[in-house]
Every structure is written in C-alpha cells, then in structure tokens.
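Asks: have a look; sequence and predicted model below, questions after that.
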Amino acid sequence: MNDTTAATLLQAPQLAVAGATTDRAERHLPGDADIWVFVIGDMLIFSVYFAAYIFFDRGQDHELFVASQRHLSQSLGVINTLILLTSSLFVALSVHATRAGDFGIASRFLSLGGGFGVGFLLLKSYEWYSKLSSGLTISTNAFFMHYYMLTGVHVFHVLIGLVFLLVLRSELHGTARPRVKLLEIGATYWHMVDFIWFLIFALLYLMR
Amino acid sequence: MTPYLRGPLFYTWLCLVIATLLSWWLGLEHDSEPHHRANTAVTIAILLIAIIKCRFVIRSYMEVDRAPAWLQWTCDGWLLLNFGMVSSFYWFVL
C-alpha cells in the first residue's frame, strides 16, 4: 500500500463523519416542533374518521353510498381541489420570497393564497346551498351525514387557516424584519388543510 | 414574482393538477360500467393517487424533504397508515 492510498483510507471515516454532520446541519424543521405536534395530531384524528367512515358506514350499505354520491358534483369537487392546491402553491412561494427578503412579493403571494382560499369557501358554500335546496340535508342518510360532517370540519380548518394567513400578512407589513419561522408555521398548517382535502375529495366524491 | 413561479414548486403544482384530473377521470362513471357497483381497482387507484398527491405537498410545499428524518418517517408512516387502512377496510367490508 503506497502512502497516498493509506492517507486516503485514513481520511475516509473523517470525511464520512463530516458529511453526516453537514447533512444534519442542512436538515431544517419547517416552523417549529409545536406546530408539527398539532398537525400530526390533527392528521391522526382525520385518519380515525376516515377509517370509521369506510368500516362502519360505507361498507355496511355500499349501494346507498354510491347512489347518494351521484348527487354530488364531481366537477365542483375537482375545481375546489384545483383552487386549494393553487392556494398552497402561492403560500409556499410566499415563504420562499420571505426568505429571500422580497417581503412585498411575499405579501402578494400570500394575498393570492388567501384569495384562492376564500374562493374555495365560496364554491363550497354554493355546493352546500344547492344540496340543501334540493332537500339533501345532514339527516337525509348516513352518506350525507358524513358529507356535511367531513366538509364542515374541513371548512372550519380553512377558516382557521385564513386567520393564520391574515396574521402572516400583518407580519409582512407591520415589521421591518418579518419572522420566517412564523411564515413557516402558518404555511405548514395551510398545506395540511390542502392535503386533507385531497383525501376527503377521494373518499366522498370519487371512490366507488 | 415571475422568477419564483419558474422554480420547482411550480412543477409540483403541475404534477398535482395532472394527478387531480387523472383521479377525476377515473372517478367518472363510464357508460360501459354498471352503476351502483363497487369497483375495487378504480377505488384503489383513486386512493393511491390521493396519497401520492399528499406526499407531493408534504415533501415539496411543506419542505419535509429537507426536514429531520423523524419527521419524514412520521409523515410517510401516516400516508402508509391511511392507504393501508382505507384500502384494506374497503376490501374487507365489500
């Protein structure tokens, strides 16, 4: 073994350790631990609801659920999904712009994100109105009970998310150096609201 | 604003849009199929697309791809739990 090979072999573990340290240093927890405890808890609560929906109700009377599901507008569902995922894009871009110090652009992205969130609520309100005016209420059958419960709880989350976005907007406008951490916390919550909707959309509108 | 829209987040959004439209098409009732019948293959495909979309949002928008390993595992575990639970319950009760 020549000297160069021996030196390379001796340095290898050190390089590996240095690489691991760098990797750990580059890892970044978006927001803080508290918001993740909250978000993961919320995700688990929704999981329990989804399991109960499939196991106890949908599975017991599948034909009723499929027949009731046909009263929902899949087109409205898909438009609402596109609205919400576009809203999420703008909120994610707002975090990036804040990091780059482009606070004006960040604020505009945040406003667009919130605007799409309001659009989601308006379309959902129209959907509820059309169902209620057709006589399809929470007491019609088990499917509509789950429909109003799941979409209602989700709308409640959207409303909380919009309040979050307003707080973030005032942070961007009201302070000289907006806290990126705060933007990340609000964005983390908003994105959870987004991807929970993906599952609700699949379970209520699409699955057969 | 335009430079930000040319970044990787835009491509995530594009994938999400395509996946949403694909699952919508899968969920449509096609004339050749009997109504009111369970369609396990379509349902599992729709669920899988929804789970993949969730993962896109978690990894990209929520920046979990650069988060500590415990958070990545927790999120992936939750996605697996949901897919496994819903698809197996669906399979079991029908």
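Replies: Yes, it's here.

Asks: tell me the pLDDT at the residue nearest to residue A:59 when sequence neighbours are not counted?
Replies: Nearest residue to residue A:59, sequence neighbours excluded (CB to CB, 6 or more residues apart in numbering or on different chains): residue B:93, at 2.6 Å. C-beta coordinates here come from the backbone N, C-alpha and C atoms, glycine included. pLDDT recorded at residue B:93 is 74.

Asks: dihedrals phi and psi, residue A:135?
Replies: For residue A:135, the backbone dihedrals (degrees, to the nearest 10) come out as phi 90, psi 10.

Asks: how about residue 54, what does it touch?
Replies: Here I'm looking at chain A. A:203, B:86, B:89-90, B:93 (CB atoms under 8 Å, 6 or more residues apart in numbering or on different chains).

Asks: ah, I was thinking of chain B
Replies: By CB under 8 Å, 6+ apart, the residues touching residue B:54 are A:195, A:198-199, B:79.

Asks: how many other residues sit next to residue 83?
Replies: You didn't say which chain, so I picked chain A. Residue A:83 has 21 neighbouring residues, counting by other CB atoms under 10 Å in any protein chain shown.

Asks: let me rephrase: I mean chain B.
Replies: Neighbours of residue B:83 (other CB under 10 Å): 18.

Asks: I'd say residue B:40 and residue B:91 touch.
Replies: Yes - at 6.7 Å, residue B:40 and residue B:91 qualify as touching, with contact defined as CB atoms under 8 Å.

Asks: which of the contacts of residue B:54 sits closest to residue A:150?
Replies: residue A:199 (9.5 Å; CB to CB).

Asks: tell me the contacts of the residue nearest to residue A:59?
Replies: Residue B:93 is in contact with A:54-55, A:58-60, A:62, counting by CB under 8 Å, 6+ apart.

Asks: try 10 Å this time
Replies: Counting by CB atoms under 10 Å, 6 or more residues apart in numbering or on different chains, residue B:93 makes contact with A:54-60, A:62, B:38.

Asks: tell me which two of the residues you listed sit farthest apart.
Replies: A:56 and B:38 (16.6 Å).

Asks: neighbour-wise, which of these two wins?
Replies: A count of neighbours by other CB under 10 Å puts residue B:38 above the other of residue A:56 and residue B:38, at 18 against 12.

Asks: for the closest residue to residue A:184 other than its chain neighbours, grab phi and psi.
Replies: The shortest distance from residue A:184 to any non-neighbouring residue, by CB to CB, 6+ apart, is to residue A:31 (4.2 Å). Dihedral pair for residue A:31: phi 70, psi -130, per degrees, to the nearest 10.

Asks: close to chain B, is the host helix or strand of residue A:156?
Replies: For residue A:156, the element it lies in under DSSP states H and E is helix A:142-174. No - Helix A:142-174 stays clear of chain B (CB under 10 Å from any CB of the partner chain), getting no nearer than 12.8 Å.

Asks: check which residues of that helix are buried.
Replies: A:142-144, A:146-148, A:150-151, A:154-155, A:157-158, A:161-162, A:164-165, A:168-169, A:171-172 (16 or more other CB atoms under 10 Å in any protein chain shown).

Asks: again with stretch A:116-134
Replies: In stretch A:116-134, counting by 16+ other CB under 10 Å, buried: A:116-117, A:119-120, A:123-124, A:127-128, A:131.

Asks: what's the neighbour count on residue 59?
Replies: The chain I'm using is chain A. Neighbours of residue A:59 (other CB under 10 Å): 17.

Asks: wait, I meant chain B there
Replies: 17.

Asks: neighbours of the nearest residue to it once chain neighbours are set aside, how many?
Replies: Sequence neighbours aside, residue B:65 is the residue nearest to residue B:59 in space, at 4.4 Å (criterion: CB to CB, 6+ apart). When counting by other CB under 10 Å, one arrives at 11 neighbours for residue B:65.

Asks: who's in contact with residue B:65?
Replies: Residues near residue B:65 by CB under 10 Å, 6+ apart: A:27, B:55, B:58-59, B:72.

Asks: pLDDT weak spots in chain B?
Replies: Chain B contains residues with pLDDT under 70 at B:1, B:30-38, B:94.

Asks: let's see the pLDDT reported for residue A:27.
Replies: 86.

Asks: contacts only, for it.
Replies: Here residue A:27 is in contact with B:65-69, B:71-72 (criterion: CB under 10 Å, 6+ apart).

Asks: emit the PyMOL select command for whichever of the residues you listed are buried.
Replies: Restricted to buried positions by 16+ other CB under 10 Å, the PyMOL selection for those reads:
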select buried, chain B and resi 67+71+72
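
Asks: list the ones among the contacts of residue A:27 that fall in helices.
Replies: Among the contacts of residue A:27, the ones falling in helices (DSSP state H) are B:69, B:71-72.
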